[in-house]
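Chemist: For reference, the sequence and a predicted model appear below.
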There are 2 protein chains.
Amino acid sequence: MHLKDGTGEMAAELRIHGGRIDTAALLYPSAPQPWIDLSTGINPIAWPVPQIPLARYQRLPLAREMAQMTAAAADAYGLPANAAIVPVSGSEIAIRLLPRMIGHGRVGILTPTYGSHAAAWRDAGAEVHELAALPDPNIHDLQTLIVVNPNNPDGRAIARADLAAFAQAWTAAGRRLIVDEAFADVRTDVSLLAMPELPVGVVVLRSLGKFFGLAGLRVGFVVVREPDASAWHRLLGDWPVSGPACEIATLALQDAAWIAAMRTRLAANRKRLDGIIGRAGLKLLGGTDLFGLFEGPDGIDLLDHFARAGILVRGFAAAPRHYRFGLPADEAAWRRLEAACGTLSA
Amino acid sequence: MHLKDGTGEMAAELRIHGGRIDTAALLYPSAPQPWIDLSTGINPIAWPVPQIPLARYQRLPLAREMAQMTAAAADAYGLPANAAIVPVSGSEIAIRLLPRMIGHGRVGILTPTYGSHAAAWRDAGAEVHELAALPDPNIHDLQTLIVVNPNNPDGRAIARADLAAFAQAWTAAGRRLIVDEAFADVRTDVSLLAMPELPVGVVVLRSLGKFFGLAGLRVGFVVVREPDASAWHRLLGDWPVSGPACEIATLALQDAAWIAAMRTRLAANRKRLDGIIGRAGLKLLGGTDLFGLFEGPDGIDLLDHFARAGILVRGFAAAPRHYRFGLPADEAAWRRLEAACGTLSA
C-alpha cells in the first residue's frame, strides 16, 4: 500500500481519538468496505431510535419534558437523595466546562485515561498531575481529582465502597472529586449514584453515548448536589439538550427491558472478543463489557494491520503496543475481525 | 375562570419567556385545544425535516460533516474573509458562555431586548448597563456592547453600514461588540456577515431556531475572527452539535429555494398579522417578518384575553401594554386569532 504524502499527521490522529473512520478511509483508500469501526467503545447495537414527531424539532423543549428525562435518568442510574441531574449536550461539553465552573489550579487525573479531561484542564490553565492510583486523601496539594470509573481504556474499576470512602475523606478538606462514569452502565456496581448521599464537592458524569450506542445524540448528565445544580442550569440555559434528543433519551432510559437484555448480550460479546483476540496472540490487559484493551507483539503496528482489512482499532501514542478493541456490530463484522486476526497469526 | 392558588408565579413566567405553552395550559385548563403558540417569534412553518439515518445517532459526527455544515452556513449567511463559523448547540449556550469566554466587567446592552443576554452577564458578575441607543464610541467606560439586530421584540434595525462604522470605532479601543442576529434571516440587509472583514472584537451570533422554525433542534453559530475561533473550539470540543442536528442543519442551510420562498411567504403573513391585530385596535410598534410588537389599550390584560381563547401571546413584565405576536401556522390558527380579536373589539 502506498500512503500519500503528508499522511503522518493523519496516522497520528488515529492514536489520539477513536471514531476517525473518515481519516482512516483517506489513509487506506484500498481497504475493504464498509469500514468496521472498533475504535470507540461505543455499543454498536444502538437503542432503536423511533421516528420523532416534527413538533419536537420545531418548538423549544418544555420544562416538563426535561424533567421527565432527568426522572428517567434517576430511575436508570440511581440518584443520591441530596443530588440533582443536569442534562448536557454530551458529557464532553461538561468535561470542558468543568474547569471554568469549579475553578482550576492543581488537578490530579488517574491515568492512563480518556484524554479530554487533561486537555480541558490544561486549556483552562490548570496544572495537571497524572496519578497512577488514588492519592492519599491527607495530601492537600491538589484541589481537584478526576477519576474515570470504570476506566477507559483499561477497565480499571474502583469498588463503590472504596471510592465512596475516599470521596468522603478527599472532599472533607474542600476539594473536588470528578467521577466520569461514561462506562458505568456495564459496571453499575461501582457507580456512586447508588450512594444515599453525594458528598459536597463530588461531580458525577454520565453519558448516553456508550452503552446506549447513541454517541451521535450528544446527551449526557452532570450529577451534583442540589445547591451546585443551579450554577449549571444558569450556565446551560433552559434547553441544554435538543427536543428530539430529549425525547429519545427519555425513552431509552425508560426501556428497562432493553437495558437488562443488552447488559447480558454485551457480556457475551465481550467474551467472544477476548477469545478471538486472545487466539491471535494478543494479551488481555483489561476492559469493560464494551471494549477490551490488549497488548500486541513488539515490532508490529496492529493499527496498520487491521486498517488494511478495513477495521479501525484504537491505538495509543503513549503506549504503542496497546490496542483497544470495541465490539463488532454483526456476524459479518465478527467474521471480518476473525479473518483479520487469522492473517496476523499466520 | 378560576385560577388555582399559587398561580401568580406561573402567570408572571409567561411574561419572562415565550414558548411556555405547558404553563399556559396549566393556568387555563378550560381554554380551547390545541394551544396556538404565538409567543415565540419562531417560524411556525418549519423547514421539513427528513428522516435521519440511524447511523447519525450512533456514531460521533465526523469532522467532515461539521465542516459541511459550517460551509453551508457560510453560503447561506455570508462570511467575512477573516472570520470562522463555530457551531454551537443553540445560540443560547453561546449567549451564556460569552461572559466566561471574553471576560466580564462593564457591559452595555441595547434594550429592551431578549432577556438572556443581561441574565447571562449578571450571572457571571458583570455590571450591566441598559442603553437606549448605540453609545458614543469615544466613551470608554464599557468593555462590551451587545446589540440584537434586528431587535427582538421591537424589530429595531441598525443599517449594516452604520453598525459596521460603529463596530470599527468601538472595537478600535479594544472593546467587544456582540451582535445577535437571531432574526437577521428576514433582514439580510443588516447582517454584519456580508462585511468583507470582521473587525477584531466583533462576535456575531446566528441561529436555526427562528427563521427555519427549528428551535427544538438547538443549532446556532458563533462567528468570530479566525484566531478567536480556536478558544471556542477548545471549549466546545469536536462535537458541539449532535449528528442528526448536523445533518438537518446542513440540508436546511443548503435549501436556497426554500429560504427564498419562505422570505416571501413570511413577509405576506406578517402583513396579514398587522391587518388583523390593527383592526382589533392595537397599535403597531414594530417587528420583523417573524413577529409584530403591538401596544394594547390601558386596563386590559391581553395575554389573559388571548389565553382564554387558547392562544399564547408574549407579554412583557416591564411593559404591561406591549404584546408580541408571532405568526399563526395555518388557516385554522389564523381564523382562531381573528375570532379572538373579534371578541376583543366587541
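Modeler: Now that the structure is in, tell me what you want to look at. Residues are numbered from 1 along each chain as shown, chains lettered A, B, ... in the order given.

Chemist: need the residues of the stretch 51-200 of chain A near chain B, please.
Modeler: Contact residues of the stretch 51-200 of chain A with respect to chain B, defined by C-beta under 8 Å from any C-beta of the partner chain, are listed as A:51, A:54-64, A:89-90, A:92-93, A:95-97, A:100, A:116, A:119, A:123. Yep, even glycine has a C-beta here, placed from its N, CA and C like the rest.

Chemist: Mind doing that once more with 7 Å?
Modeler: Neighbours of chain B within the stretch 51-200 of chain A, by C-beta under 7 Å from any C-beta of the partner chain: A:51, A:54, A:56-64, A:89-90, A:92-93, A:96, A:100, A:116, A:123.

Chemist: Relative to A:Thr288, how far out is the closest residue to A:Leu134 other than its chain neighbours?
Modeler: Counting by C-beta to C-beta, 6 or more residues apart in numbering or on different chains, the nearest residue to A:Leu134 once its immediate chain neighbours are dropped is A:Phe166, at 5.5 Å. Separation of A:Phe166 from A:Thr288 (C-beta to C-beta, to the nearest Å): 21 Å.

Chemist: So for these two, which sits in the more crowded spot?
Modeler: A side-by-side neighbour count of A:Phe166 and A:Thr288, using other C-beta atoms under 10 Å in any protein chain shown, places A:Thr288 first with 27 against 19.

Chemist: now whichever helix or strand A:Leu293 is part of, how far from the centre of its chain.
Modeler: Element membership for A:Leu293 (DSSP states H and E) is strand A:291-295. The chain centroid and the centroid of strand A:291-295 are separated by 15 Å under C-alpha atoms, centre = their mean, to the nearest Å.

Chemist: again, but for stretch A:266-278
Modeler: Taking mean C-alpha positions (C-alpha atoms, centre = their mean), stretch A:266-278 and its chain are 19 Å apart.

Chemist: Give me the contacts around that stretch.
Modeler: A:43, A:186, A:284, A:287, A:289-290, A:292, A:294, A:325, A:327, A:337-338, A:341 (C-beta atoms under 7 Å, 6 or more residues apart in numbering or on different chains).

Chemist: Mind doing that once more with 6 Å?
Modeler: Contact with stretch A:266-278 is made by A:Leu284, A:Asp289, A:Gly292, A:Phe294, A:Phe325, A:Leu327, A:Glu338, A:Cys341, as judged by C-beta atoms under 6 Å, 6 or more residues apart in numbering or on different chains.

Chemist: was I right about the last one contacting A:Leu282?
Modeler: When you say that, I think you mean A:Cys341. No. Under the contact definition of C-beta atoms under 6 Å, A:Cys341 does not touch A:Leu282, with a separation of 8.6 Å.

Chemist: who's in contact with A:Asp154?
Modeler: Shown here is A:Asp154, whose contacts under the criterion C-beta under 6 Å, 6+ apart are A:Leu285, A:Gly286, A:Leu293.

Chemist: now do 10 Å
Modeler: A:112-113, A:148, A:285-288, A:291-293, A:319, A:322, A:324 (C-beta atoms under 10 Å, 6 or more residues apart in numbering or on different chains).

Chemist: follow-up on the earlier one: just checking, what packs against the helix or strand just after the strand holding A:Leu293?
Modeler: Sequence-wise, the next helix or strand downstream of strand A:291-295 (DSSP H and E) is helix A:302-308. Identification of packing neighbours for helix A:302-308 by 3 or more C-beta pairs under 10 Å, 6 or more residues apart in numbering or on different chains; DSSP states H and E yields helix A:8-13, helix A:21-27, strand A:311-312, strand A:314-315, strand A:322-326, helix A:331-345.

Chemist: The third one - what's its average pLDDT?
Modeler: For strand A:311-312, the mean pLDDT works out to 96.

Chemist: what about that strand, distance to the chain center?
Modeler: 19 Å.

Chemist: Helices of the stretch 151-300 of chain A, start to end?
Modeler: Assigned by DSSP state H, counting those that start in this stretch, the helices in the stretch 151-300 of chain A fall at A:160-172, A:226-236, A:243-254, A:256-279.
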